[in-house]
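**Q** A structural model of the following input is requested.
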Amino acid sequence: MISSSTGNRIDLVDQNDRVMALTIDGGVTLWTQSDLLHRLLTSPVLYNGNLVVGDSEGYLHWINVEDGRFVAQQKVDSSGFQTEPVAADGKLLIQAKDGNRCTLLHVNVSVVHFENGSWTGAVFLFLTTTRI
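**A** Below you'll find the predicted structure:
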(Lines give C-alpha, C1' and ligand atoms only; values in the text may rest on other atoms or scores of the structure.)
Protein backbone atom coordinates (compact mmCIF):
# COMPACT_ATOMS: atom_id res chain seq x y z
CA MET A 1 0.00 0.00 0.00
CA ILE A 2 1.63 3.20 -1.16
CA SER A 3 0.91 6.42 0.64
CA SER A 4 2.92 9.28 -0.67
CA SER A 5 6.04 10.31 -2.37
CA THR A 6 7.94 13.22 -0.96
CA GLY A 7 10.93 14.44 -2.85
CA ASN A 8 13.00 11.44 -3.88
CA ARG A 9 11.24 8.83 -1.70
CA ILE A 10 8.08 6.83 -1.41
CA ASP A 11 6.43 5.62 1.83
CA LEU A 12 4.55 2.34 1.93
CA VAL A 13 3.28 -0.60 3.99
CA ASP A 14 4.13 -4.06 2.65
CA GLN A 15 2.05 -7.26 2.83
CA ASN A 16 3.49 -8.13 6.27
CA ASP A 17 2.78 -4.65 7.68
CA ARG A 18 6.32 -3.34 7.57
CA VAL A 19 6.32 0.43 7.07
CA MET A 20 9.09 1.41 4.67
CA ALA A 21 10.65 4.38 2.93
CA LEU A 22 12.26 3.71 -0.45
CA THR A 23 14.04 5.90 -2.96
CA ILE A 24 12.01 6.50 -6.09
CA ASP A 25 15.09 6.09 -8.24
CA GLY A 26 16.26 2.51 -7.74
CA GLY A 27 14.03 1.45 -4.84
CA VAL A 28 16.80 1.55 -2.24
CA THR A 29 15.41 1.04 1.28
CA LEU A 30 16.03 4.10 3.44
CA TRP A 31 14.50 2.57 6.58
CA THR A 32 12.06 -0.13 7.69
CA GLN A 33 9.78 -0.12 10.76
CA SER A 34 8.97 -3.77 11.59
CA ASP A 35 7.39 -3.44 15.05
CA LEU A 36 3.81 -3.56 13.72
CA LEU A 37 3.95 -6.89 11.89
CA HIS A 38 0.55 -8.49 11.20
CA ARG A 39 -1.44 -5.59 12.71
CA LEU A 40 -3.40 -5.11 9.44
CA LEU A 41 -2.14 -1.57 8.91
CA THR A 42 -3.74 1.09 6.78
CA SER A 43 -1.73 2.87 4.13
CA PRO A 44 0.41 5.62 5.63
CA VAL A 45 -0.37 9.32 5.27
CA LEU A 46 1.97 12.25 5.80
CA TYR A 47 0.59 14.50 8.56
CA ASN A 48 2.42 17.35 10.31
CA GLY A 49 5.80 16.00 9.22
CA ASN A 50 5.23 12.40 10.37
CA LEU A 51 3.79 9.30 8.75
CA VAL A 52 0.57 8.10 10.38
CA VAL A 53 -0.85 4.57 10.04
CA GLY A 54 -3.89 3.02 11.71
CA ASP A 55 -4.25 -0.62 12.70
CA SER A 56 -6.93 -3.26 13.25
CA GLU A 57 -6.80 -2.72 17.02
CA GLY A 58 -7.77 0.97 16.82
CA TYR A 59 -4.34 2.51 17.32
CA LEU A 60 -2.82 5.34 15.35
CA HIS A 61 0.96 5.26 15.06
CA TRP A 62 3.10 8.32 14.26
CA ILE A 63 6.40 7.43 12.60
CA ASN A 64 9.39 9.72 11.98
CA VAL A 65 9.81 10.14 8.22
CA GLU A 66 13.59 10.47 8.46
CA ASP A 67 14.49 7.31 10.39
CA GLY A 68 11.32 5.20 10.85
CA ARG A 69 11.28 5.41 14.64
CA PHE A 70 8.00 5.78 16.50
CA VAL A 71 7.14 9.30 17.50
CA ALA A 72 3.89 8.33 19.27
CA GLN A 73 1.14 5.72 19.46
CA GLN A 74 -2.42 6.28 20.68
CA LYS A 75 -5.53 4.08 20.98
CA VAL A 76 -8.29 6.05 19.28
CA ASP A 77 -11.13 3.60 18.54
CA SER A 78 -11.93 0.13 19.89
CA SER A 79 -13.21 -1.29 16.59
CA GLY A 80 -10.01 -0.69 14.64
CA PHE A 81 -9.23 0.91 11.29
CA GLN A 82 -9.07 -0.48 7.81
CA THR A 83 -9.27 2.65 5.66
CA GLU A 84 -6.41 5.02 4.95
CA PRO A 85 -6.24 8.18 7.08
CA VAL A 86 -6.77 11.45 5.22
CA ALA A 87 -4.96 14.68 6.04
CA ALA A 88 -6.98 17.76 5.07
CA ASP A 89 -7.24 21.34 6.34
CA GLY A 90 -4.87 20.63 9.23
CA LYS A 91 -7.01 17.72 10.45
CA LEU A 92 -6.48 13.98 10.36
CA LEU A 93 -9.59 11.98 9.48
CA ILE A 94 -10.00 8.22 9.60
CA GLN A 95 -13.04 5.96 9.57
CA ALA A 96 -13.29 3.11 12.06
CA LYS A 97 -14.61 -0.35 11.20
CA ASP A 98 -17.81 0.28 13.19
CA GLY A 99 -18.68 3.34 11.11
CA ASN A 100 -17.39 6.01 13.46
CA ARG A 101 -15.50 8.78 11.74
CA CYS A 102 -12.64 10.00 13.90
CA THR A 103 -11.37 13.53 13.35
CA LEU A 104 -8.21 14.63 15.08
CA LEU A 105 -8.56 18.38 15.25
CA HIS A 106 -5.17 19.04 16.75
CA VAL A 107 -2.30 16.75 17.51
CA ASN A 108 0.55 17.92 19.69
CA VAL A 109 3.15 15.22 20.04
CA SER A 110 5.77 16.02 22.62
CA VAL A 111 8.86 13.99 23.34
CA VAL A 112 7.72 10.41 23.40
CA HIS A 113 10.34 7.67 23.56
CA PHE A 114 10.39 3.93 24.03
CA GLU A 115 13.08 3.10 26.58
CA ASN A 116 13.69 0.03 28.70
CA GLY A 117 10.44 -1.57 27.63
CA SER A 118 8.12 1.38 28.30
CA TRP A 119 6.91 4.61 26.73
CA THR A 120 7.80 7.94 28.30
CA GLY A 121 6.39 11.31 27.30
CA ALA A 122 2.95 12.42 26.23
CA VAL A 123 0.65 12.76 23.26
CA PHE A 124 -2.15 15.29 23.40
CA LEU A 125 -5.11 14.72 21.09
CA PHE A 126 -8.28 16.69 20.59
CA LEU A 127 -10.62 14.16 19.06
CA THR A 128 -14.19 14.18 17.85
CA THR A 129 -16.05 11.07 16.80
CA THR A 130 -19.22 11.02 14.74
CA ARG A 131 -21.23 8.07 13.53
CA ILE A 132 -21.89 8.00 9.80
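
**Q** got a list of what the residue located most distally from the centre of the chain touches?
**A** Within the chain, the residue lying farthest from the chain centre (C-alpha atoms, centre = their mean) is G26, at 24.9 Å. G26 makes contact with no residue, according to C-beta atoms under 8 Å, 6 or more residues apart in numbering. The C-beta positions use only the backbone N, C-alpha and C, and glycine is treated the same way.

**Q** Kindly report the same for the one 5 residues further on.
**A** The contact partners of W31, taken as C-beta under 8 Å, 6+ apart, are 20-21, 67-68.

**Q** Over to T32?
**A** Counting by C-beta under 8 Å, 6+ apart, T32 touches 18-20, 68.

**Q** do D17 as well
**A** Here D17 is in contact with 36-41 (C-beta under 8 Å, 6+ apart).

**Q** Farthest-apart pair in those residues, please.
**A** Spanning the widest gap among the contacts of D17 are L37 and L40, at 10.4 Å by C-beta to C-beta.

**Q** So these two - more neighbours on which side?
**A** Each of L37 and L40 has its neighbours counted (other C-beta atoms under 10 Å); L40 has more, 14 against 11.

**Q** which non-adjacent residue is nearest that one?
**A** S56 (3.7 Å; C-beta to C-beta, 6 or more residues apart in numbering).

**Q** Same question for E57.
**A** In this structure, E57 finds its nearest non-sequential neighbour in G80, 5.5 Å apart by C-beta to C-beta, 6+ apart.

**Q** And that neighbour, its phi and psi?
**A** G80 adopts backbone torsions of phi 90, psi 170, taken as degrees, to the nearest 10.
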